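*Asks:* Pasting the sequence and the predicted model now:
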There are 2 protein chains.
Amino acid sequence: MRNINEDTITGAVLDRLADTPDPRLKEIMSALVRHLHDFAREVKLTEHEWMQGIEFLTATGQKCDDKRQEFILLSDTLGLSMLTVALNHSKSAQATEATVFGPFHVPGAPVLSLGSDIANGAKGEPLFVNATVRGTDGKPVAGAVVDVWEADAEGFYDLQRPGLDHAEGRAVFQTDGEGRLYFKAIMPVAYPIPTDGPVGTMLEATRRHPWRPAHVHFIIQAPGYETLITHVFKDGDAYLDSDAVFGVRSSLIGDFRSQPAGVAPDGSMQAGPFHALDFDFVLEPVMQAKP
Amino acid sequence: MRNINEDTITGAVLDRLADTPDPRLKEIMSALVRHLHDFAREVKLTEHEWMQGIEFLTATGQKCDDKRQEFILLSDTLGLSMLTVALNHSKSAQATEATVFGPFHVPGAPVLSLGSDIANGAKGEPLFVNATVRGTDGKPVAGAVVDVWEADAEGFYDLQRPGLDHAEGRAVFQTDGEGRLYFKAIMPVAYPIPTDGPVGTMLEATRRHPWRPAHVHFIIQAPGYETLITHVFKDGDAYLDSDAVFGVRSSLIGDFRSQPAGVAPDGSMQAGPFHALDFDFVLEPVMQAKP
Ligand SMILES: [Cu+2]
Ligand SMILES: [Fe+3]
Ligand SMILES: [Fe+3]
């Protein structure tokens, strides 16, 4: 190990991982070192570029705080998040597809009863969501816990609003005995991911736009079923084919019906236009352990 | 781009880089995305592991401040730093080899005259360095600017000493008309890289020790020559074959001669044991632009 050169270094690092007790950690670290080194060799990384990389990663970590996760944003924009989702959810064709988690979920959102309004002050045109949660066998899933979150009409999540001390546009529901999930929300709009950090610099340097097509986020959890982390995207959105984080799947595009003022799906009178979304979520049963 | 899966995602991300105006940035980003995705696919990264990676990188960035560079430490321990050095310095066999820069250099060290003591309070047995700087043609390099830095007898650099307000164990010299570089220093000892951050966690999890063999750092700059960033390692050190950052090259191992109390190379009387190092640095002339 005294004659390190560009060809011997990779083997030297891999040798050093030989005593890693956790075999999975050893596998991951070894593969990481091989691909990282292959990358540097392939592009013949210069020392200046290496330092730029160090500075970019440092700034990315330092942009993170309790409300901002710039490394998730980086992973999202490099397609790593969606790749990880795809690797872990090659479900039966019947189940609802998963997509990226994103950096805007907040645990512990208000628990609301079905029919409630999640806006809580967030501005936007009313949206009435009427959904069901079923298993791939068609059976309704009663009591499923559903986390919902969305941006407001200006494209901001509540945690992007400085000084806001309460949840807006997010809630937790439970499906009823027939697996129904219905609530009032606001019509989602396309929004740019935050560009005031290193990820924004990267998007600008590569001439990529930061926009995501309008969507509502869902996490659906029920005993006996795989947890589903997904979105429902707005049909017709201009960014469906160029989502900045590669999250769109055709099966997740919902039919958001725009309606003139009048009687809403919940029976209320709406003085202005409103929207309605029907969507059926289908959960994958938990895989039985192989005998 | 609406039917992303684990096979189509990489092409979708590469397509998005199509308009990058800087061809080198496009090349680097494209290669990065391919190797990153190949890594995730090869190990079939789980979502939990992905999140552990996000948290590790975030913590690494947040461990950095004006005196600590944890991402350089990560790059060093993964062999990426030494690989980058090797890729950029495949010099003629005559020139002194380069090695890792490391995270402990401080710009603007005190400028001292030849023969001065760089310790400035740092504890350690005296070391008398007697070096020359020449070109590969054998000609002495006069007026070369030489940055020197080293850890103290406890294995700490000055910037690792909380509250220390002056430089210890670092200085800048200039070679004389015959390319000579001589100064008093302290005997370097093997030291562990800092393990109180994410890199320490990684080393522990992979059962790797954090030790570096004893060394003195040098940066040598002179007009008409390639800048040399290197170390001189102590011969016989127990860690020469397992440097935590893969920096050792046989040609960089110096002969540190230990001497009993008596007359030192600078003519002074030493009341206790001291050490002497002779080393000849050879610089590569700057490559002429090809016609
Ligand atoms: Cu690779
Ligand atoms: Fe979102
Ligand atoms: Fe060092």
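*Replies:* Received it, and whenever you're ready, just let me know what you need. Numbers count the residues shown, from 1 in each chain, chains lettered A, B, ... in the order given. Ligands and ions are numbered 1, 2, ... in the order given.
*Asks:* and the closest residue to ligand 1 within the stretch 1-150 of chain A, how many neighbours does it have?
*Replies:* Nearest residue of the stretch 1-150 of chain A to ligand 1: A:His35, at 3.5 Å (Cβ to the ion). Glycine gets a C-beta too; all of them are placed from N, C-alpha and C. Neighbour count of A:His35, defined by other Cβ atoms under 10 Å in any protein chain shown: 20.
*Asks:* list the buried ones in the host helix or strand of it?
*Replies:* For A:His35, the host element (DSSP states H and E) is helix A:23-43. Within helix A:23-43, the residues scored as buried using 16 or more other Cβ atoms under 10 Å in any protein chain shown are A:25-26, A:28-41, A:43.
*Asks:* Please list the residues outside that helix that contact it.
*Replies:* By Cβ atoms under 8 Å, 6 or more residues apart in numbering or on different chains, the surrounding residues in contact with helix A:23-43 are A:6, A:9-10, A:13-14, A:17, A:20, A:45, A:49-50, B:27-28, B:31-32, B:35-36, B:38-39, B:42-43, B:45, B:49, B:78-80, B:83-84, B:87, B:202, B:205-206.
*Asks:* Which strand or helix spans the residue nearest to A:Ala153 when sequence neighbours are not counted?
*Replies:* Nearest residue to A:Ala153, sequence neighbours excluded (Cβ to Cβ, 6 or more residues apart in numbering or on different chains): A:Gly124, at 3.8 Å. Assigned by DSSP H and E, A:Gly124 belongs to no helix or strand.
*Asks:* what does A:Asp7 give?
*Replies:* For A:Asp7, there is no helix or strand it lies in under DSSP H and E.
*Asks:* Please tell me how far it sits from B:Leu83.
*Replies:* Going from A:Asp7 to B:Leu83 by Cβ to Cβ, to the nearest Å gives 10 Å.
*Asks:* domain assignment for chain A?
*Replies:* The record's domain parsing of chain A by automatic domain parsing lists A:9-45, A:70-283.
*Asks:* Adding mean pLDDT as columns, could you present those in JSON lines?
*Replies:* Below are the domains of chain A laid out as JSON lines (pLDDT from 0 to 100):
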{"stretch": "domain A:9-45", "mean pLDDT": "98"}
{"stretch": "domain A:70-283", "mean pLDDT": "95"}
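*Asks:* returning to that earlier point: ok, how many other residues are close to the residue nearest to A:Ala153?
*Replies:* Neighbour count for A:Gly124, taken as other Cβ under 10 Å: 18.
*Asks:* How about the contacts made by it?
*Replies:* Listed by Cβ under 8 Å, 6+ apart, the contact set of A:Gly124 reads A:152-153, A:186-189.
*Asks:* Now it: phi and psi?
*Replies:* Dihedral pair for A:Gly124: phi 160, psi 160, per degrees, to the nearest 10.
*Asks:* In which helix or strand does the residue in chain A that chain B sits nearest to reside?
*Replies:* Proximity of chain A to chain B (Cβ to the nearest Cβ) peaks at A:Gly61, 1.1 Å away. Here A:Gly61, judged by DSSP H and E, is contained in helix A:47-62.
*Asks:* which parts of that helix are buried?
*Replies:* Buried residues in helix A:47-62, counting neighbours by 16+ other Cβ under 10 Å, are found at A:47, A:49-50, A:53-54, A:56-62.
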